[in-house]
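**Student:** Following is a predicted model, sequence given first.
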Amino acid sequence: MKINEDTTVSVIGLGYVGLPLAIIAASEFVVRGVDVSTHRLNELREGNVKIDDIEARDRYEYVDIEYTTSVQSSDIYIVCVPTPVYPDHTPDLRYLIDAVESIAKVYQRDQLVIIESTIHPGTCDEIVAPLLPTHALIAHCPERINPGDVKWSVYSIPRVVGANCQEAVLTASVFYNSILEKPVHVVSSLKAAESCKVLENTFRDVNIALVNEVAQFFSIMGIDTKEVISAAATKPFAFMPHYPGVGVGGHCIAVDPYYLIAKGRSLGFDHKLVSMARSINSQMPSYVVQQTLAKMQSLGLQPAITRIGIYGLAYKPNVSDDRESPSYRVIARFLYTSYNRIFMYDPFVSTTPSYESLQDFIENIDVLIVCTAHKEILDAPLSTFSSLKLIVDGRNCLDPSFIRMNNIPYIGVGR
Ligand code: SAJ
């Protein structure tokens, strides 16, 4: 297929991945933005959407995208729908299958289907391809978006492409090279591309689990884990710092390893390390709750009158996304204890009751548990915390010596 400014591109799924992609593609091609949510489409038509991606945000007002709920015949289809997991942590491919089935109804020879959603190795060959005509061109270019990142955007992040035939590779490469800052890195197959993304995020989850485990041990020895990691990071090679915390949230790192585990299990392979890492990270909310309960009891804080404030519901700093957030697991665990007077505040996520400010929130609690290191709390003067009976720093983002110097009890994660 030749690619030029008349090439039609349908981006299916206009979330944090699909919308920025549609916007930068619309600078070069005829783009239709497809989503099942008419509410989402109306927000987009009216221009009142929050775009985290810096490059897409700059271009949004200058591009023309047709927003629609239906998939129409296009030269290129790009699937950017969620691929979550069920409660039992098995892959939930319903959105992916629905999107590909809607493409199959209008697909014509030589059109290209690109899957950007994160999927386990084998998904394109075993699930996507059977839903399309046998001659369909299929490529996988795993999404690489880092919500809230002020440096890396959908335009500048390097990408990887694998496909089911040479023509699909060429077409996908020409397409992405037309819209991205750097040429795509081509791999030999769909499986290689699927495996790349799952490996990237599993690598991160395993390394976070490593520091979460040693943090629990260093805590016993009275060693400051954050200090040790910073020292280890002075090694200019063969060490990449990760940090202990109250848990791993988000729809990438907390989810993608389960895709690898599930695929392995289906073929009789047990990912022992990957599974153990998921287990360690999933236990961190409980660990922080246990540490907090022990500290409150040692301080003589009475359950019936102690107000516990959870700061941060978003899964990472300065974003509004609270999917898989460990904060909710912290809250759930406290509700099973006698310390169940729980209050929440997040400047990016609406809560009830709502608070005027961080100061207003802190004035109405006794124990502060920091679950998300939003910039707001990093910048707060120490006086903000002076009324507190205990600070639990679930992201090791505050200065313990400064806090302890002001006689406010403080515990972190591994410090
Ligand atoms: N977290 C830790 N310790 C760490 C790093 C993260 O506990 O050292 C926690 C965070 O608090 C958060 C969760 O893990 O709850 C995920 O954090 P993240 O920084 O990995 O953020 P994500 O989920 O947005 O990950 C994205 C991913 N990008 C894609 O999947 C395309 C991931 O691949 C990137 O590595 C990551 O951004 C990044 O590097 O920032």
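**Tutor:** Right, received. Where do you want to start?
**Student:** quick one: the strands in the stretch 51-200 of the chain?
**Tutor:** For the stretch 51-200 of the chain, applying DSSP state E, counting those that start in this stretch gives strands covering 65-68, 76-79, 112-115, 137-140, 160-163, 185-186.
**Student:** what residues does the fourth one touch?
**Tutor:** Okay, so that is strand 137-140. With contact meaning Cβ atoms under 8 Å, 6 or more residues apart in numbering, strand 137-140 is reached by 110-116, 119, 124, 128-129, 132, 161-165, 167-169, 171-172, 190, 193-194. All C-beta spots, glycine's among them, are computed from the backbone N, C-alpha and C.
**Student:** still on that earlier bit, of all the strands of the stretch 51-200 of the chain, which one comes closest to Asn146?
**Tutor:** Asn146 lies closest to strand 160-163 among the strands of the stretch 51-200 of the chain, at 15.4 Å (Cβ to Cβ).
**Student:** how distant is that closest one from the center of its chain?
**Tutor:** What separates the centre of strand 160-163 from the centre of its chain is 22 Å, taken as Cα atoms, centre = their mean, to the nearest Å.
**Student:** tell me the mean pLDDT over it?
**Tutor:** For strand 160-163, the mean per-residue pLDDT is 98.
**Student:** thinking again about what came up before, export the strands of the stretch 51-200 of the chain to CSV and tack on mean neighbour count and distance to Asp360?
**Tutor:** Below are those laid out as CSV (neighbours: other Cβ atoms under 10 Å; distance: least, Cβ to Cβ, whole Å):
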stretch, mean neighbour count, distance to Asp360
strand 65-68, 16, 39
strand 76-79, 28, 44
strand 112-115, 27, 46
strand 137-140, 28, 48
strand 160-163, 24, 46
strand 185-186, 15, 49
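**Student:** will you turn those into JSON lines that also has distance to Val85?
**Tutor:** Shown next, in JSON lines, are the strands of the stretch 51-200 of the chain (distance: least, Cβ to Cβ, whole Å):
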{"stretch": "strand 65-68", "distance to Val85": "29"}
{"stretch": "strand 76-79", "distance to Val85": "18"}
{"stretch": "strand 112-115", "distance to Val85": "17"}
{"stretch": "strand 137-140", "distance to Val85": "19"}
{"stretch": "strand 160-163", "distance to Val85": "23"}
{"stretch": "strand 185-186", "distance to Val85": "27"}
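**Student:** Ok, which of these comes nearest Ala99?
**Tutor:** Of those, nearest to Ala99 by Cβ to Cβ is strand 76-79, at 4.7 Å.
**Student:** CA atoms only for the closest one - export them in PDB, please.
**Tutor:** Only the C-alpha atoms of strand 76-79 are listed here, as PDB (Å, rounded to 0.1, in the frame of the first residue of the first chain):
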ATOM      1  CA  ILE A  76      -4.700   1.600   8.500                       C
ATOM      2  CA  TYR A  77      -6.500   0.600  11.700                       C
ATOM      3  CA  ILE A  78      -4.800   1.000  15.100                       C
ATOM      4  CA  VAL A  79      -6.200  -0.700  18.100                       C
END
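**Student:** Report pLDDT for the nearest residue to Leu199 once chain neighbours are set aside.
**Tutor:** Take Leu199 and drop its neighbours on the chain: the residue closest to it by Cβ to Cβ, 6 or more residues apart in numbering is Leu260, 7.9 Å away. If you check Leu260, the pLDDT there is 97.
**Student:** Need the three-state assignment for Leu260.
**Tutor:** Assigned by DSSP: H, G, I helix; E, B strand; the rest coil, the conformation of Leu260 is helix.
**Student:** Surely it and Leu273 touch.
**Tutor:** No. Counting by Cβ atoms under 8 Å, Leu260 does not reach Leu273; the two are 10.8 Å apart.
**Student:** So which of these two has more stuff around it?
**Tutor:** Neighbour comparison, Leu260 and Leu273: the larger count goes to Leu260, with 23 against 12 (by other Cβ atoms under 10 Å).
**Student:** Now do the contacts for that one.
**Tutor:** Listed by Cβ under 8 Å, 6+ apart, the contact partners of Leu260 are His120, Pro121, Val198, Leu199, Thr202, His271, Val274.
**Student:** And the third one, how far from the ligand?
**Tutor:** For Val198, the distance to the ligand under the criterion Cβ to the nearest ligand atom, to the nearest Å works out to 10 Å.
**Student:** what about that residue, how many neighbours?
**Tutor:** Neighbour count for Val198, taken as other Cβ under 10 Å: 22.
**Student:** Please tell me the pLDDT value assigned to it.
**Tutor:** 96.
**Student:** now do the last one
**Tutor:** We have a pLDDT of 98 for Val274.
**Student:** okay, now it: neighbour count?
**Tutor:** Going by other Cβ under 10 Å, the residues that sit close to Val274 add up to 21.
**Student:** wait, doesn't it sit right on Val206?
**Tutor:** Yes. Val274 sits in contact with Val206 when judged by Cβ under 8 Å, with a separation of 6.6 Å.
**Student:** Which neighbours do those two have in common?
**Tutor:** Pro257.
**Student:** now the residue of the stretch 251-400 of the chain found nearest the ligand, nearest residue through space, not along the chain?
**Tutor:** Nearest residue of the stretch 251-400 of the chain to the ligand: Cys252, at 3.5 Å (Cβ to the nearest ligand atom). Spatially, and ignoring its direct neighbours in sequence, Cys252 is nearest to Asn201 (5.3 Å; Cβ to Cβ, 6+ apart).
**Student:** Fine by me, thanks again.
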